[in-house]
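Chemist: sequence and predicted model, in that order:
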Amino acid sequence: MTKVVITQSIYDQAPQLLAEAGIPYFYHQGDTWSPAELKEQIREATVVVCLLADKMTAEVMDAAPHLKLIANVAVGYDNIDIPAATERGILVTNTPDVLTETTADLAFALILAVARRIPEADAYMRAGKYTRFALFPDMIGTDVYGKTLGIVGLGRIGTAVARRAALGFNMKVLYTADSPKPDVERELGVIHVPFPDLLPESDFISIHVPLSPRTRHLFTMNEFRQMRGNACIINTARGPIIKEADLVEALQKGLIGGAALDVFEEEPQMHPGLADMKDRLVVTPHVGSATIQTRQKMATLAVQNVIAFLTGQPPLTPVNPQVL
Ligand code: NAP
């Protein structure tokens, strides 16, 4: 019998779709399983619906000899060893597009929050420090409107951020990507530059590349030294793209103006030096796609992939279609 294992809580209506399709499933809604528990729980599984905290390594896959599909509830799939899955004939699916605008909204919220020092201002009010109006309050910020935004990775989310910046905030937008994007250049006036040029020319740098061996530690002390002294870096992609210890040092030394992070190198931990930073740092717990509408769409798309696969239809969003 087909066994679908859903490793963590997702939008409850999505498993319901499996029930309606007559597909039995096991829905775990407790804490994230340890690697050993994960191996034990998916031992009989044909399909695993998982999230980023589930590390689908070759070893985990080998513990599930019947496994045929891993449906990730995320667009990024760095929690899954794709070559190992492909080698074993296991299809992997993800959830692109449905979270693009929501994640771009968060990236822009972080740009504004770090520039206008919203967390510091909020803490100031709550501490009862607002006793008189001052032209230069302690938490004076910097402009966003009309400034230069450097986008690292002009894919789906990077383009959605570029649109907000160019059309909503009259920003000059520079970008890097593996290949130039002439359509987006025409639509939004964005400019393709080599990565080393983007660093010194941007007031804000927003990261939107996937985590890969090429992008791991893309930002180290070397890159922070080349950025403008008042520039802010925003990361809503994946934590290990920034070498966090170097970011802490760069912030402490005032090499850059600030940082806003939704993702962390050793997630869910963050570098203790970040926790000690009192200002010029905004941190959120990986909530890029965390709106009710988008989380519903992600869970539904993941389950639609499962249903398509188990009923012999083409999956909607395959990552390694070559195994089909
Ligand atoms: P995407 O459409 O695949 O875009 C990725 C872009 O990165 C592409 O334009 C690609 O260039 C470019 N790229 C890849 N490697 C590069 C490199 N070494 N240097 C420069 N550019 C490079 O992906 P997406 O849907 O926008 O998502 C991006 C990432 O955001 C995901 O992988 C995920 O990790 C992260 N994410 C985080 C959250 C959150 O909750 N914080 C939510 C959603 C997504 P080409 O187009 O030329 O190939």
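Modeler: Received, thanks. Please read all numbers here as calculations on a predicted model, not as lab measurements.
Chemist: and the residue nearest to Pro194 when sequence neighbours are not counted, how many neighbours?
Modeler: Nearest residue to Pro194 in three dimensions, chain neighbours excluded: Thr176, at 7.1 Å (C-beta to C-beta, 6 or more residues apart in numbering). Backbone N, C-alpha and C define where each C-beta goes, glycine included. A total of 22 residues lie near Thr176 under the criterion other C-beta atoms under 10 Å.
Chemist: could you tell me which residues of the stretch 1-150 of the chain lie near the ligand?
Modeler: By the rule C-beta under 6 Å from any ligand atom, the part of the stretch 1-150 of the chain lying against the ligand is 75-76, 96, 99, 103.
Chemist: just the buried residues from those, in PyMOL please.
Modeler: To isolate in PyMOL the members of those that are buried, counting by 16 or more other C-beta atoms under 10 Å, one can use:
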select buried, resi 75+76+96+99+103
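Chemist: quick one: the residue nearest to Pro194 and Leu154 touch, right?
Modeler: Yes: under the criterion of C-beta atoms under 8 Å, Thr176 makes contact with Leu154 at 7.4 Å.
Chemist: can you show me the strands along the stretch 1-150 of the chain?
Modeler: Assigned by DSSP state E, counting those that start in this stretch, the stretch 1-150 of the chain shows strands spanning 4-6, 25-27, 47-50, 69-72, 91-93, 148-152.
Chemist: nope, the stretch 151-300 of the chain is what I was after
Modeler: Secondary structure of the stretch 151-300 of the chain (DSSP E, counting those that start in this stretch): strands located at 172-176, 191-192, 204-207, 232-235, 258-261, 281-283.
Chemist: so which of those strands comes closest to the ligand?
Modeler: Shortest distance between the ligand and those, using C-beta to the nearest ligand atom, is found for strand 172-176: 4.6 Å.
Chemist: extract the C-alpha trace of the lengthiest helix in the chain and format it as CSV.
Modeler: Under DSSP state H, the helix in the chain containing the largest number of residues is helix 292-310. As requested, C-alpha coordinates have been extracted for helix 292-310 and formatted as CSV (Å, rounded to 0.1, in the frame of the first residue of the first chain):
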residue,chain,number,x,y,z
ILE,A,292,-1.6,32.3,5.5
GLN,A,293,-2.4,32.6,1.8
THR,A,294,1.0,31.6,0.7
ARG,A,295,1.5,28.8,3.2
GLN,A,296,-1.8,27.4,2.0
LYS,A,297,-0.7,27.6,-1.6
MET,A,298,2.7,26.0,-0.9
ALA,A,299,1.1,23.0,1.0
THR,A,300,-1.5,22.6,-1.7
LEU,A,301,1.0,22.6,-4.5
ALA,A,302,3.2,20.0,-2.7
VAL,A,303,0.2,17.7,-2.2
GLN,A,304,-0.9,18.3,-5.8
ASN,A,305,2.5,17.0,-6.9
VAL,A,306,2.0,13.9,-4.7
ILE,A,307,-1.5,13.2,-6.2
ALA,A,308,-0.2,13.8,-9.8
PHE,A,309,2.7,11.5,-9.2
LEU,A,310,0.6,8.7,-7.6
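Chemist: do that helix and the ligand meet?
Modeler: No: using C-beta under 6 Å from any ligand atom, we find that helix 292-310 stays clear of the ligand, coming within 9.0 Å at best.
Chemist: buried stuff in that helix?
Modeler: Under the neighbour-count criterion of 16+ other C-beta under 10 Å, helix 292-310 has 294-310 buried.
Chemist: same question for stretch 84-94.
Modeler: Those would be 84-86, 88, 90-94, for stretch 84-94 by 16+ other C-beta under 10 Å.
Chemist: residues in contact with Thr100?
Modeler: The neighbours of Thr100, taking C-beta atoms under 8 Å, 6 or more residues apart in numbering as the test, are 156-157, 160.
Chemist: near the ligand, from those residues?
Modeler: 156-157.
Chemist: who wins for neighbours among the contacts of Thr100?
Modeler: Each of the contacts of Thr100 was scored by neighbour count (other C-beta under 10 Å); the top score is that of Ile157, with 28 neighbours.
Chemist: hang on, isn't it packed against Leu106?
Modeler: No: proximity of Ile157 to Leu106 does not meet the contact threshold set by C-beta under 8 Å, at 9.6 Å.
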